[in-house]
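1. let me see the structure of the following:
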Amino acid sequence: MTELRHFLDLDQAAPETLRAMLDSGARMKRSGGKESALAGKTLAMVFEKPSTRTRVSFEVAMQSLGGKVVILEPEGSQLGRGETVADTARILSQYVDVIMYRTSSSENLTEMVEAASIPVINGLTDASHPCQIMADVMTFEEVVGPIAGRVVAWCGDANNVANSWIHAAVRFGFEFRIASPEGFRPPAGVLDWARANNGRVSVGADPVAAVTGADCVVTDTWVSMGDAQAEKRRAALTPFRVDADLMAKANPKAIFMHCLPVYREDEATAEVVDGPQSVIWTEAGNRLHAQKSILLWCLLGDAGLA
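-> Numbers count the residues shown, from 1 in each chain. The predicted structure is shown next:
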């Protein structure tokens, strides 16, 4: 039986495979090619968390490659009525060719993968967001140039997106500096993995030190919808807000990234979000192109990226 090609986390993919995906995505963005590459294939998208960018970008990506899409949400599937993730995976494996799963729980993703007999793509978990970072690296290289040897700075809550940036720093060979308060820093296991793989990843409490000379400054939402600790989180994270003064410490040609949704005047000021160094709309658009290459690799292997 052919080994399944899951796309789960950047630390589980070979650097040369990730590079081939990015190069393929960039070529498709320029040419719009491979319109019928996935004709006859169907993607099931399973959402336990709401989405705008992940949902639309994956749906358009699959359709533009000639495939079809089925969308499952808790209120419209048996997952919302207590059917297990494993049983859902077994059922979907009978009907479709690939699953994109967006869930709060990394344990749920593991259960999906272990039970599925088709490829599974991590559309987001509480531990990582690899599809987003593929688009982010693509955006950096499109706007700035090759990312190897460059410096990316993260300010604020070092969440699941930051974890995938750590993976990317190792896989693509750039320095990643994190400035976060105590209690908002990456898990020890992610940092241990980076150190074991010679990653240039640092964590501190000084946003100026992190941003100084950086080629890219990144942040993310501080407060999730319905978070009972919202004000406490804001108080801790306010010193890490990305404003014009902080951006001025970066490389003069540095770019600003945010995976969205953005809350102006929380994690970043409107002056930065809507300013000339911001590439957030290009970044969002590149989700489409990066995910085309992920779908092609999962379903067709390296030949699909050529």
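
2. and the lengthiest helix in the chain, what does it pack onto?
-> Longest helix in the chain, counting residues (DSSP state H): helix 280-300. Applying 3 or more CB pairs under 8 Å, 6 or more residues apart in numbering; DSSP states H and E, we find helix 280-300 packed against helix 15-31, helix 53-64, strand 98-102, strand 120-124, helix 130-143, strand 255-258. To be clear about C-beta, it is placed using only N, CA and C from the backbone, and glycine gets the same treatment.

3. how about the strands in the stretch 101-250 of the chain?
-> Secondary structure of the stretch 101-250 of the chain (DSSP state E, counting those that start in this stretch): strands located at 120-124, 151-155, 175-179, 201-204, 216-219.

4. from Gly82, how far out is Lys29?
-> Taking CB to CB, to the nearest Å as the measure, Lys29 falls 42 Å from Gly82.

5. out of the two, which sits in the busier spot?
-> Lys29 (18 against 6; other CB atoms under 10 Å).

6. look up how far His289 lies from the more buried one.
-> For Lys29, the distance to His289 - CB to CB - is 4 Å.

7. re earlier: so how far is the longest helix of the chain off the chain centroid?
-> Here helix 280-300 is found 10 Å from its chain centre; the criterion is CA atoms, centre = their mean, to the nearest Å.

8. average pLDDT for that helix?
-> The pLDDT scores in helix 280-300 average 98.

9. could you check the angle that helix makes with helix 130-143?
-> If you take axes from the mean of the first three to the mean of the last three CA atoms, to 10 degrees, helix 280-300 sits at 120 degrees to helix 130-143.

10. with only the CA atoms kept, save helix 280-300 in CSV.
-> This file holds the C-alpha atoms of helix 280-300, laid out as CSV (Å, rounded to 0.1, in the frame of the first residue of the first chain):
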residue,chain,number,x,y,z
ILE,A,280,-1.2,41.4,5.3
TRP,A,281,-3.5,41.3,2.2
THR,A,282,-0.8,39.7,0.0
GLU,A,283,-0.2,37.3,2.9
ALA,A,284,-3.9,36.4,3.0
GLY,A,285,-4.1,36.0,-0.8
ASN,A,286,-1.1,33.6,-0.8
ARG,A,287,-3.1,31.1,1.3
LEU,A,288,-4.7,30.2,-2.0
HIS,A,289,-1.5,29.5,-3.8
ALA,A,290,0.3,27.8,-1.0
GLN,A,291,-2.6,25.5,-0.4
LYS,A,292,-2.9,24.5,-4.1
SER,A,293,0.6,23.1,-3.8
ILE,A,294,-0.2,21.3,-0.5
LEU,A,295,-3.2,19.7,-2.2
LEU,A,296,-1.2,18.7,-5.2
TRP,A,297,1.5,17.1,-3.1
CYS,A,298,-0.9,15.2,-0.9
LEU,A,299,-2.8,13.8,-3.8
LEU,A,300,-0.1,13.5,-6.5
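
11. list the contacts for Ser51?
-> Applying CB atoms under 8 Å, 6 or more residues apart in numbering to Ser51 gives the contacts 102, 123-124.

12. could you look up the SS state of it?
-> Taking DSSP: H, G, I helix; E, B strand; the rest coil as the rule, one finds Ser51 in the coil state.

13. can you give me phi and psi for it?
-> Backbone torsions for Ser51, taken as degrees, to the nearest 10, come to phi -160, psi 150.

14. which strand or helix spans Val69?
-> strand 68-72 (DSSP states H and E).
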